[in-house]
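Undergrad: mind folding the following:
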Amino acid sequence: MRDPPTQPPSLERRLRVIAPPELAELTQIGDTRVLDHLVDLLDDPERAWAAQVGLAAMTRHEEKLVEGFSSSPDEWLRTIGRDAGDRWRNWLDAHRDRLAWNPDTRAFVEQQA
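TA: Next up, the predicted model:
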């Protein structure tokens, strides 16, 4: 008989950045300054979607949103992507002090105060 799993099975998907290589590498660093850099890129329409994906992968925040627009990033940019920079700046301001990098999950986790 097997021991029960420490975490129950989940159907949740995790975002994983594999391209472009520069972004994939950045999302593995675990430095909050990378988050700030990605937030700045949200103001550039040519880079906004990649920045959104990177932020969501690194923080697990807005993962479902990215999943929902994965087949239509242009629609994301036309709709809710327009205020993504402000939304992420506000989220980071509220959570930055509690973010800690978890190398096992390759994502920031929010520590309880």
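Undergrad: and what about residue 101, helix, strand or coil?
TA: strand (DSSP: H, G, I helix; E, B strand; the rest coil).
Undergrad: next secondary structure after the helix or strand that residue 52 is a member of?
TA: Element membership of residue 52 [criterion: DSSP states H and E] is helix 48-59. Following helix 48-59 in sequence order, the next helix or strand is helix 63-69 (DSSP H and E).
Undergrad: got the contact list for whichever helix or strand comes after that following helix?
TA: Sequence order places helix 73-78 as the next helix or strand after helix 63-69, per DSSP H and E. Residues outside helix 73-78 that contact it (CB atoms under 8 Å, 6 or more residues apart in numbering) are 45, 48-49, 52, 65, 69. Where C-beta positions appear, they are placed from N, C-alpha and C, glycine not excepted.
Undergrad: buried residues in helix 73-78?
TA: Going by neighbour count (16 or more other CB atoms under 10 Å), the buried part of helix 73-78 is 73, 76-77.
Undergrad: what's residue 108 sitting at in phi/psi?
TA: Residue 108 adopts backbone torsions of phi -80, psi 140, taken as degrees, to the nearest 10.
Undergrad: okay, now the unreliable bits of the chain?
TA: Within the chain, the stretches with pLDDT under 70 are 1-15, 17-19, 113.
Undergrad: what's the spacing between the residue nearest the centre of it and residue 42?
TA: Centroid-nearest residue in the chain: residue 56, 1.5 Å away (criterion: CA atoms, centre = their mean). Relative to residue 42, residue 56 is positioned 12 Å away (CB to CB, to the nearest Å).
Undergrad: isn't residue 106 up against residue 26?
TA: No: using CB atoms under 8 Å as the test, residue 106 is too far from residue 26 to be in contact (11.7 Å).
Undergrad: pull the residues that contact the helix holding residue 52.
TA: Helix 48-59 has contacts (CB under 8 Å, 6+ apart) with 14-17, 20, 23, 26-27, 34-35, 38-39, 41-42, 44, 61-63, 65-66, 73, 76-77, 81, 84, 88, 99, 107-108.
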